[in-house]
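Q: generate coordinates for the sequence data below:
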Amino acid sequence: MKFKFSKTTKSFSRYYLLVLTIIVLTILIQSIIQYSLKKQEQAAYIINMSGRQRMLSQLVLKDYYECKFQDCDYSEMRIALNKLNRTNTILQKGDKDIGVYPLENEHIQQRFDDLKPHLSYIYTNLSDFDNFDKINTEELTTRIDSFLEIMDNIVYLFQRQSEEEIKTIMIVELELAVFSLLIILFEIFFIVNPIIKKTTNQNAKLKEISWHQSHAFNSHMKNIKDLQHVLKIEKKIENQKEIVACVIDELNDLAVVSKNMQKSLEKE
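A: Residues are numbered from 1 along each chain as shown. The predicted structure is shown next:
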């Protein structure tokens, strides 16, 4: 009795392809979702840092007035100045330790270039506590106002960049969802349905074999056993020959049943 292992292997290959495709699509979708979440988190952090720059510039100006006209703790203003300058550098050059990458948007970089002379003036003049009396208050206020105006625009540009990136990721996710749906439909029609059809055919074969086994095959075997018992007790040669002929007929019929069972297994 021969079995067609190649067709069985082909069936298993289709099943493995189905499972593998589902796994790959699941991993791909989850990767994109995680990438999207990370992008949103990074964008929110950068926008928050940019927003703090405006607060720090106002804090520096307040500390300047306090130090010039009242008693103040100059170290607090110095810390604010250092944060203002350091954050400005991080927003442009990035910092891997906190998950901020170098700025690549040319438009935003241009605005940081516009910001540079104002920040330089603020940092240089306020870093020297001994020369506070020589600082032009009106000029300092104008520089800080310009710094605020440009930083407002930078925050807005960062917000727009984040929205565009998220929109692009959402489009990719939508395209991937449509592609996944098409793949699943393809697998249903060309993999799942054939597997179901083959399983149904195999069940029909098993039922047919079961019928041969329980009816025809068992019936002939019972007849042969009965004839064998009669043959043992029969003494007449003529009758024995007739019994042997009957046994041969039963064996021939049994061979036919066996062939039918074989055909049922080989049939598509």
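Q: domain assignment for the protein?
A: In terms of domains, the chain is parsed into 9-193, 194-266 (source: automatic domain parsing).
Q: okay, those domains in a markdown table with mean pLDDT and mean neighbour count next?
A: (C-beta placed from N, C-alpha, C; glycine too.) Converted to a markdown table, those look like this (pLDDT from 0 to 100; neighbours: other CB atoms under 10 Å):
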| stretch | mean pLDDT | mean neighbour count |
| --- | --- | --- |
| domain 9-193 | 85 | 14 |
| domain 194-266 | 75 | 13 |
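Q: contacts only, for Leu59.
A: Listed by CB atoms under 8 Å, 6 or more residues apart in numbering, the contact set of Leu59 reads 77, 80.
Q: 10 Å instead, please
A: 52, 76-77, 79-81, 83-84 (CB atoms under 10 Å, 6 or more residues apart in numbering).
Q: and those, which is closest to Leu251?
A: Ranked by distance to Leu251 (CB to CB), these are led by Arg52 at 97.1 Å.
Q: okay, strands next: where are they in the chain?
A: Here the chain has no strands by DSSP state E.
Q: just give me the longest helix of it.
A: helix 5-69 (DSSP state H).
Q: phi, psi of the residue of the chain positioned farthest from its centre?
A: Relative to the centre of the chain, and counting by CA atoms, centre = their mean, the farthest-placed residue is Lys236 at 84.1 Å. The phi/psi pair for Lys236 (degrees, to the nearest 10) reads phi -80, psi 130.
Q: I figured Arg102 was touching Lys93, is that so?
A: Not quite, residue 102 is Pro, not Arg. Yes. Counting by CB atoms under 10 Å, Pro102 does reach Lys93; the two are 5.6 Å apart.
Q: give me the phi and psi for Tyr101.
A: Dihedral angles (degrees, to the nearest 10) for Tyr101: phi -100, psi 160.
Q: so how far is Met49 from the residue lying closest to it once chain neighbours are set aside?
A: Leaving out its chain neighbours, the residue that sits closest to Tyr101 by CB to CB, 6 or more residues apart in numbering is Gly94, at 4.7 Å. Gly94 sits 11 Å away from Met49, going by CB to CB, to the nearest Å.
Q: shared neighbours of those two, anything?
A: What both Gly94 and Met49 touch, as defined by CB under 10 Å, 6+ apart, is the set Val100.
Q: and the contacts of Leu59, which of them are in helices?
A: 52, 76-77, 79-81, 83-84.
Q: list just the nearest of the residues you listed to Leu28.
A: Leu28 has its nearest neighbour among those in Arg52, at 36.5 Å by CB to CB.
Q: where's the residue farthest from the centre of the chain relative to Glu173, distance?
A: 90 Å.
Q: list the contacts of Asn193.
A: Counting by CB under 10 Å, 6+ apart, Asn193 makes contact with Glu187.
Q: from now on call the first residue 18
A: With 18 as the first residue, the last one maps to Asn210.
Q: OK, contacts around Phe146?
A: So Phe146 contacts 84, 89, 91-92, 94-95 (CB under 10 Å, 6+ apart).
Q: no more questions from me, cheers.
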